[in-house]
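Asker: structure, please.
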Amino acid sequence: MNQQLKTKELIFSGVQPTGNLHLGNYLGAIKNWIELQKKSECMFCVVDLHAITTTEGRENLKDNSREVAAAYLASGVDPKKSIIFVQSSITGHAELSWTLSCFTPIGWLNRMTQFKDKAGKNKEKAPLGLYSYPVLMAADILLYKSTHVPVGDDQKQHLELARDIAQAFNRFFDTDFFPIPEPVIMGDATRIMSLRDGTKKMSKSDPSDFSRINMTDNADLIRKKIMKARTDSFPFPETKENLESRPEIQNLVKIFMSLEDITLAKIINDYSGKELKIFKEDLFDSLESKISKITKEMSKLLEDNEYLDKILREGSSKANLISKRNIEDIHKLIGFYKS
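Answerer: Model prediction:
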């Protein structure tokens, strides 16, 4: 993370409850939140309204939402410092999404590359929610007048849209009501790739379970997946340039860098010319020491739905106070009728 944040700033971020949380979710998002909550006010959302834009996201939604909440808590997100809540429990998200969609030109949405990627060849059959979900994402951020949003490379375009929408709304009503949210650019691990193909993002939708490290995997399974992770037969790269031409190894190095908070130069210095098996063994040791603790704590939390629901209720209550106040102000700005 390369930005200094002040205590007055409000950070918003979230993870979809689509089941099978994996290492990419943790290293790309949740791990970075632990430091952010020490410096700023933070709101960490379980974005279940986004999850239902895909068929698989609609399955086991309640249990999956609890799993994400458990991952937040097990990773170190502190409900005393941060607001943890489920998106659908706050009606302001859907309402503001509609309002903002009325200030969003179709042309802006047509430029969103993720819709093209997710819809694939079946654009005509894709749900409207998948097409318009960048507006909902903007509503998530702007509803709380968030000032900063942690983003990876694949999310920058959506934050740019949120900024454009905020500016369009402010211009129309000649106001500065919405802050223009700034990105908090996270480190190299914001985009963790598949263990089977270094050119594809790690994903729960990949048919091969060996393409990812699930946050619920035990140590034996993690070791098998790391040792079987696709690489080549050459020794560990000796230079940064050599590494860049070997995407699968580069991906494993990024994972190691993020877990241990060490530099690429140190890793190359330590492993240059060595057998890849030696590097993989050390990577597994790192994963076991860091991820296994989270996995065990998640398992414990998931046995106590009452506690998880209590945390989410308390978070929703806090989020709802902010949402209601801001929605009322938006109504006044727009001039909606109130009896």
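Asker: so where's this protein shaky on pLDDT?
Answerer: The chain contains residues with pLDDT under 70 at 1-7, 57, 116, 118-121, 153-154, 187-190.
Asker: can we see that at 50?
Answerer: In the prediction, the chain carries residues with pLDDT under 50 at positions 1-7.
Asker: would you mind giving both backbone torsions of K201?
Answerer: Backbone torsions of K201, given as degrees, to the nearest 10, read phi -70, psi 140.
Asker: buried sites along the longest helix along the chain?
Answerer: Across the chain, the longest stretch assigned as helix under DSSP state H is helix 305-334. Judged by neighbour count (16 or more other CB atoms under 10 Å), helix 305-334 contains these buried residues: 308, 311-312, 315-316, 319, 322-323, 326-327, 330. Glycine gets a C-beta too; all of them are placed from N, C-alpha and C.
Asker: ok now it, how far from the chain's centre?
Answerer: Relative to its parent chain, helix 305-334 has a centroid offset of 21 Å by CA atoms, centre = their mean, to the nearest Å.
Asker: same question for stretch 37-45.
Answerer: Worked out by CA atoms, centre = their mean, stretch 37-45 lies 14 Å from the chain centre.
Asker: who touches it?
Answerer: Stretch 37-45 is contacted by residues 5-14, 33, 36, 72, 77-78, 81-87, 140, 144, 146, 148, 319 when judged by CB atoms under 8 Å, 6 or more residues apart in numbering.
Asker: S203 contacts D209, correct?
Answerer: No: the pair S203 / D209 is not scored as a contact, 11.5 Å apart, by CB atoms under 8 Å.
Asker: coming back round to it: which neighbouring elements make contact with the longest helix of the chain?
Answerer: The contact analysis (3 or more CB pairs under 8 Å, 6 or more residues apart in numbering; DSSP states H and E) places helix 305-334 against strand 41-46, helix 61-75, strand 82-86, helix 92-101, helix 128-143, helix 276-302.
Asker: try it again with 6 Å
Answerer: With contacts defined as 3 or more CB pairs under 6 Å, 6 or more residues apart in numbering; DSSP states H and E, helix 305-334 has these neighbours: helix 61-75, strand 82-86.
Asker: and the contacts of stretch 37-45, which are buried?
Answerer: Restricting the contacts of stretch 37-45 to buried positions leaves 5, 9-14, 33, 36, 72, 77, 82-87, 140, 144, 146, 148, 319, with burial counted as 16+ other CB under 10 Å.
Asker: can you give me the strands in the stretch 101-250 of the chain?
Answerer: 148-151, 182-185 (DSSP state E, counting those that start in this stretch).
Asker: now these as a markdown table including distance to S132?
Answerer: A markdown table is the format used below for the strands of the stretch 101-250 of the chain (distance: least, CB to CB, whole Å):
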| stretch | distance to S132 |
| --- | --- |
| strand 148-151 | 19 |
| strand 182-185 | 22 |
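Asker: so which of these gets nearest E275?
Answerer: Nearest to E275 among the strands of the stretch 101-250 of the chain is strand 182-185; the distance by CB to CB comes to 34.7 Å.
Asker: thinking again about what came up before, deepest-packed of the helices and strands packed on helix 305-334, please.
Answerer: Burial of the helices and strands packed on helix 305-334 is given as mean neighbour count (mean count of other CB atoms under 10 Å); strand 82-86 ranks first at a mean of 24.
Asker: done for today, thanks.
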